[in-house]
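Student: Below are the sequence and a predicted model; questions follow.
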Amino acid sequence: MRILHVSDIHCSTSSAELIPSLVSRHEADVIVVSGDLECDDYILDKLLEAGVPVIGVPGNMDDSYVSRAMSERGINIDASIVEVSGVLFAGVGGRTPLSSLRKIDGLLREAKRGEIVVVSHHPPHGTRIDVARSGVHAGLHELRGLLEEHQPLACLCGHIHESPGVDRIGKTLIVNPGPFYRGRYAIVGLEPLKAELHEAEIGY
């Protein structure tokens with residue numbers, strides 16, 4: 001499986017217009033959005049226009065309307081697990097991450113073992129991709145604990161604009177593509193497990 005991973009779109013319609021061509025260029029099988037769309041119908045419809053499954057979680061800047069619009073289109077996986085082509089995607093949104101993490105922890109304990117990818121707006125604490133501009137590690141301790149215990153294949157996140165990158169917690173690949181409104185995105189392959197960071201030119 002090849003994943004087009006974007007985060008922090010922040011209502012950039014110019015960025016969203018690139019989605020179909022990026023899916024085609026990289027032969028992506030699924031689009032994963034790690035929150036902070038901050039826009040509703042146009043962004044969501046452009047994501048779906050690419051013709052592959054789209055899953056994601058709302059970010060801390062996404063209001064209830066965005067979250068509801070994502071749910072109505074079958075995109076929102078916050079506090080739930082969905083299966084796409086044999087891979088389980090577990091969602092942790094940015095508005096109420098601790099309650100979502102508790103729900104996901106329970107669901108993962110019940111799930112059959114297999115390929116699992118966690119989609120979170122916030123990154124886990126203490127990695128090279130959660131360093132805020134102040135130098136503080138701003139990720140979630142609770143998310144790190146979940147990753148350490150369940151060791152999913154990958155955790156795809158965003159939120160910290162200034163720390164795009166790739167890291168690992170144990171066997172788990174951690175990816176923050178950087179803000180898509182600036183053209184940053186990642187291509188994540190599961191077989192073999194690897195991530196490539198890219199930057200597209202955005203027309204304003």
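Tutor: Good, I have the coordinates.
Student: ok, the residue positioned nearest the centre of the chain - contacts?
Tutor: By CA atoms, centre = their mean, the chain has its centre lying nearest to residue 34, at 3.0 Å. Taking CB atoms under 8 Å, 6 or more residues apart in numbering as the criterion, residue 34 is in contact with 5-8, 56-57, 59, 119-121, 156-159, 177. To be clear about C-beta, it is placed using only N, CA and C from the backbone, and glycine gets the same treatment.
Student: do residue 86 as well
Tutor: Applying CB under 8 Å, 6+ apart, the residues near residue 86 are 114, 115.
Student: What does the pLDDT read for it?
Tutor: Note on residue 86: pLDDT of 92.
Student: Please tell me how far it sits from residue 132.
Tutor: 36 Å (CB to CB, to the nearest Å).
Student: With residue 168 instead?
Tutor: 20 Å.
Student: shaky segments in the protein?
Tutor: Per-residue confidence for the chain (pLDDT under 70) gives these ranges: 112-113, 203-204.
Student: In it, where's the longest helix?
Tutor: helix 97-110 (DSSP state H).
Student: so what does that one touch, helix or strand wise?
Tutor: strand 81-84, strand 87-92, strand 116-120, helix 141-150 (3 or more CB pairs under 8 Å, 6 or more residues apart in numbering; DSSP states H and E).
Student: Quick check: which of these is buried the most?
Tutor: Most buried of the helices and strands packed on helix 97-110 by mean neighbour count (mean count of other CB atoms under 10 Å) is strand 116-120; its value is a mean of 27.
Student: Can you name every helix or strand that that one contacts?
Tutor: Applying 3+ CB pairs under 8 Å, 6+ apart, we find strand 116-120 packed against strand 87-92, helix 97-110, helix 141-150, strand 154-156.
Student: can you redo those as CSV with distance to residue 41?
Tutor: CSV is the format used below for these (distance: least, CB to CB, whole Å):
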stretch, distance to residue 41
strand 87-92, 21
helix 97-110, 24
helix 141-150, 30
strand 154-156, 24
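Student: Relative to residue 188, which of these is closest?
Tutor: Closest to residue 188 of the helices and strands packed on strand 116-120, according to CB to CB: strand 154-156, at 6.3 Å.
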